[in-house]
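Q: Provided below for reference: sequence and predicted model.
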Amino acid sequence: MSSPEGAPQDVIPGNLLKGQKALVTGANSGIGRATAIALGRAGADVVVNYVAGREEAEKVVGEIASFGVRAAAYEADVSDEEQVVAMTDRMVKEFGTVDILVANAGLQRDAPFTDMTLAQWQKVLDVNLTGQFLCAREATKEFLRRGVVPEVSRAAGKIICMSSVHQIIPWAGHVNYASSKGGVQMMMETLAQELAPKKIRVNAIAPGAIKTPINRDAWDTPEAQQDLLRLIPYDRVGAPEDIAHAAVALASDLLDYVVGATLYVDGGMTLFPGFATGG
């Protein structure tokens, strides 16, 4: 199976994450879905978190299970502390532990700055930033309880925060989203500094323009896609599998010495392509 954008899924070794237990939040669609499937393809057992859309989550579970690993769908709102604690406790009870957290759940509530309501601001911060904090905190408690199991991984645990190129690129009309992702960057780096001595690796992925339902208007017509490509030196819009492959690599021992890094998966969007012809 491969994406139309040339991001083949079958490049992932089937035993790269064998025996590991992964939790992916917001995993019933888009980047989360592709990441959960890729982790399963790499040999991990996967919990597919969702807040709405159980039917789609169960479809993801079925696809993951086809690789001969275990999968389950857990409903939880990552911005709700009690639900995150309950979800993590349930995973430890049913799967034995947590080795990998991909804190992916996120949303947008766009508006011009002077029209943005406090509710729009707060909702995005609650899910995109506080949600990652809560999930990382509970996963870390389990990593510390269990410690390193050398036959499983060289690290006690791996946290991958899903950020965005907008952690460094300002985005007019999206101040809540950009602020949340800037916060994710500093949270990730601070956690990485604090937890590295405990053999817990914390890193982030910063996607650029990826074809997902959340940004369909930006790529769903030839005109919109051509306009978007002006911002991407590599001359293609990314596929969710591009992000999924990065997550598998960061979760594996192949990148065991990568700590506190943001991997920009953006086709060169952060290279400021507008300056390629002058400036």
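A: On my side now, so go ahead. Just so it is clear, the model here is predicted, and its values are computed rather than measured.
Q: show me where the stretch 151-279 of the chain has strands.
A: 157-162, 200-207, 262-265 (DSSP state E, counting those that start in this stretch).
Q: Pick the most deeply packed of those strands.
A: Comparing the strands of the stretch 151-279 of the chain by mean neighbour count (mean count of other Cβ atoms under 10 Å), strand 157-162 comes out on top with a mean of 28. C-beta here means a position set from N, CA and C on the backbone, and glycine is covered the same way.
Q: If you count contacts, what does that strand end up packed against?
A: Contacts defined by 3 or more Cβ pairs under 8 Å, 6 or more residues apart in numbering; DSSP states H and E place strand 157-162 against strand 100-103, helix 131-146, helix 175-195, strand 200-207, helix 240-251.
Q: Could you spell out the sheet neighbours of the first one, each with its direction?
A: Okay, so that is strand 100-103. strand 21-24 (parallel), strand 157-162 (parallel) (DSSP bridges).
Q: nearest to Gly267, of the ones you listed?
A: Closest to Gly267 of the strands paired with strand 100-103, according to Cβ to Cβ: strand 157-162, at 17.1 Å.
Q: ok, residues contacting the closest one?
A: 31-32, 98-104, 106, 132, 136, 139-140, 142-143, 146, 184, 187-188, 191, 195, 200-205, 207, 243, 247, 250-251 (Cβ atoms under 8 Å, 6 or more residues apart in numbering).
Q: correct me, but Gly32 touches Ala105?
A: Yes - between Gly32 and Ala105 a contact is recorded at 7.0 Å, counting by Cβ atoms under 8 Å.
Q: The two - which one has more neighbours?
A: Gly32 (29 against 23; other Cβ atoms under 10 Å).
Q: still on that earlier bit, so what's in contact with Gly32 and Ala105 at the same time?
A: Both Gly32 and Ala105 are in contact with Thr25, Gly26, Asn49, where contact means Cβ under 8 Å, 6+ apart.
Q: so who does the last one touch?
A: Translated: Asn49. Asn49 touches 23-27, 32, 73-76, 78, 87, 105, counting by Cβ under 8 Å, 6+ apart.
Q: 7 Å instead, please
A: Counting by Cβ atoms under 7 Å, 6 or more residues apart in numbering, Asn49 touches Leu23, Val24, Thr25, Gly26, Ala27, Tyr74, Ala76, Met87, Ala105.
Q: for Ser180, same thing?
A: Per Cβ under 7 Å, 6+ apart, neighbours of Ser180: Val124, Leu125, Asn128, Leu129.
Q: tell me the pLDDT at it?
A: Note for Ser180: predicted pLDDT of 98.
Q: Excluding residues flanking it in the chain, which one is nearest it?
A: The spatial neighbour of Ser180 that comes closest, neighbours along the chain excluded (Cβ to Cβ, 6 or more residues apart in numbering), is Asn128 at 3.7 Å.
Q: Isn't that neighbour up against Gly106?
A: Yes - look at Asn128 against Gly106 with Cβ atoms under 7 Å: they come within range, at 4.6 Å.
Q: which neighbours do the two share?
A: By Cβ under 7 Å, 6+ apart, no residue touches both Asn128 and Gly106.
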